[in-house]
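J.: The following block contains a protein sequence and its predicted model.
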Amino acid sequence: MPQTTAPTQTGSRIADTRCQSCGNFVTPDFAHVFGDNQNSVHGCLNCMDGTAVKNGQAVD
């Protein structure tokens, strides 16, 4: 039976899954929605409140 491997992605939204501010894990979907154009998150629900994240402060 042939062996299958999971696809790897470098330089993509899967690569940056940590908050740049506190180092907490964030999901790739969270980074895609609340991160900057490179899906880098500079604030998460661990280090800022939900209102700040929803207002776009996680990209600053």
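T.: That came through fine. Residues are numbered from 1 along each chain as shown.
J.: buried residues in the longest helix anywhere in the chain?
T.: Ordering each helix of the chain by length in residues (DSSP state H) puts helix 28-34 first. Within helix 28-34, the residues that count as buried by 16 or more other Cβ atoms under 10 Å are Pro28, Phe30, Ala31, Phe34. Every residue, glycine included, has its C-beta placed from N, CA and C.
J.: With stretch 48-56 instead?
T.: Quick answer for stretch 48-56 (16+ other Cβ under 10 Å): Met48, Val53.
J.: I'd like the numbering to begin with 3 instead of 1 from here.
T.: Got it, first residue is 3 now, which makes that one stretch 50-58.
J.: And the contacts of it?
T.: Ser23, Phe36, Gly45, Cys46, Leu47, Gln59, Ala60 (Cβ atoms under 8 Å, 6 or more residues apart in numbering).
J.: can you do 6 Å?
T.: Phe36 (Cβ atoms under 6 Å, 6 or more residues apart in numbering).
J.: State the mean pLDDT of that stretch.
T.: If you average the pLDDT over stretch 50-58, you get 94.
J.: How far does it sit from its chain's centre?
T.: 14 Å (Cα atoms, centre = their mean, to the nearest Å).
J.: What's the end-to-end length of that stretch?
T.: Stretch 50-58 has its terminal residues 11 Å apart, counting by Cα to Cα, to the nearest Å.
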